[in-house]
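Student: 3D, please:
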Amino acid sequence: MDRVQLTVGDGQPAMTTLTLPSPRRSRRSFPFWHEVVLAVLLVCVMTYAGSLAPKFLSLRPQISMAGELWPLALITLPMTLIILTAGIDLSVGSTAALSAVVLGLCYQRGTGMPIAVTLALATGIIAGFINGILIARVRVHPLIVTLATLSAYRGIALAVTQGQSVHGFPQPFLNFSGSEFLGLPLPGWLFVIGWIVTSLVLWRTVLGRWLYAMGYNPVATRFSGVPTRGVILLLYTLSGFTAAVAAILLVSRYDNAKADLGTGLELSVITATVLGGVSIFGGRGNTVGVLLGVALIHECQKFVIWHYHRSELNALVIGALLIGSVLINSMLTARRRP
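Tutor: As a prediction, the model looks like this:
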């Protein structure tokens, strides 16, 4: 455990000293049991899959199947930051759908792809900003706010499209999601860059320490001079922006913008984040665990479709992994304490 003394504007020490779990210093007990368990589970899943379907582990099939992974993986990054503060964003799937609809309708009306993409990103930013305002300023619980906007944003998308889809996007736009650099698709590089930046923020910046503090003891953090409202507003706006980026990637991959895009995406994102060891009570978690959680969910889902040809079983897989993640967290909590 680390003692972190937060300061106020004049640089003088605040009255409150928070004792926080440090993600960087070694503890008397090994702090990464959860990540080790996830790595072992991933190896077991891949070994089992390879024994039944050796081609499943081949490089090209893995790269091809990863096309659906990158949008989900991207959204886990801001979701990690939000859950670290004991918040949650249930509206990411609906925000993605609304952004996709704006992209499609703008292109359909002849605005051109650069403007359509810009407006889609702006839609995601505005949607996330609204969530942030209601949570940070109006003080409504994140679960209530994002549950309401989950319905509202998708309802708007359905209303403006009447359930119709938009397709026939220009080929350069469709080529983006499949383009590769050094063997990795461009959406994959977006995730890699985002993951590195998120990791550096959590481990090397004051903002990262604030996020852990907000989840560990929000009241003390607020009275210590940390601009908690501004941080929350930033996080939910970032989540909306990332959902819009994911929507653009999905539309580029499938050449289809419709109101039901991203249905159930929030469940997969939250499952991957919690499975990765980020505590739903806030204050604990890291990006390494989230990366392993994303990989484990992805491989399990794809193997079910590859070998059993029954995509409906994926709902069972997600539910089982979510329950398993809670059990793993419960069993290993004692090991994380000094």
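
Student: Low-confidence stretches in the stretch 151-300 of the chain?
Tutor: Across the stretch 151-300 of the chain, nothing is flagged by pLDDT under 70.

Student: how about the strands in the stretch 151-300 of the chain?
Tutor: 180-181, 184-185 (DSSP state E, counting those that start in this stretch).

Student: With M331 as the reference, measure out to L190.
Tutor: 35 Å (Cβ to Cβ, to the nearest Å). All C-beta spots, glycine's among them, are computed from the backbone N, C-alpha and C.

Student: Comparing the two, which shows the higher neighbour count?
Tutor: A direct count of neighbours by other Cβ atoms under 10 Å for L190 and M331 places L190 higher, at 18 against 12.

Student: which residue sits closest to the more buried one, ignoring its sequence neighbours?
Tutor: Excluding the flanking residues, the one nearest L190 by Cβ to Cβ, 6 or more residues apart in numbering is L74, at 6.5 Å.

Student: got the contact list for the one you found?
Tutor: When contacts are counted by Cβ atoms under 8 Å, 6 or more residues apart in numbering, L74 touches 187, 190-191, 194, 242, 245-246, 249.

Student: quick one: which helix or strand includes it?
Tutor: L74 belongs to helix 69-84 when elements are defined using DSSP states H and E.

Student: mind saving the C-alpha coords of that helix as PDB?
Tutor: Taking Å, rounded to 0.1, in the frame of the first residue of the first chain, the C-alpha atoms of helix 69-84 are listed here in PDB:
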ATOM      1  CA  LEU A  69     -12.000  -7.700 -32.100                       C
ATOM      2  CA  TRP A  70     -10.600  -4.200 -32.600                       C
ATOM      3  CA  PRO A  71     -13.800  -2.100 -32.100                       C
ATOM      4  CA  LEU A  72     -14.600  -4.000 -28.900                       C
ATOM      5  CA  ALA A  73     -11.000  -3.800 -27.700                       C
ATOM      6  CA  LEU A  74     -10.900   0.000 -28.300                       C
ATOM      7  CA  ILE A  75     -13.900   0.600 -26.200                       C
ATOM      8  CA  THR A  76     -12.500  -1.400 -23.300                       C
ATOM      9  CA  LEU A  77      -9.800   1.300 -22.900                       C
ATOM     10  CA  PRO A  78     -12.100   4.200 -21.700                       C
ATOM     11  CA  MET A  79     -14.300   1.700 -20.000                       C
ATOM     12  CA  THR A  80     -11.300   0.600 -17.900                       C
ATOM     13  CA  LEU A  81     -10.800   4.200 -16.800                       C
ATOM     14  CA  ILE A  82     -14.400   4.700 -16.000                       C
ATOM     15  CA  ILE A  83     -14.800   1.500 -14.000                       C
ATOM     16  CA  LEU A  84     -11.600   2.400 -12.100                       C
END
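
Student: Report the buried residues of the lengthiest helix in the chain.
Tutor: In the chain, taking DSSP state H as the definition, the longest helix is helix 228-254. For helix 228-254, burial by neighbour count (16 or more other Cβ atoms under 10 Å) applies to 228, 231-254.
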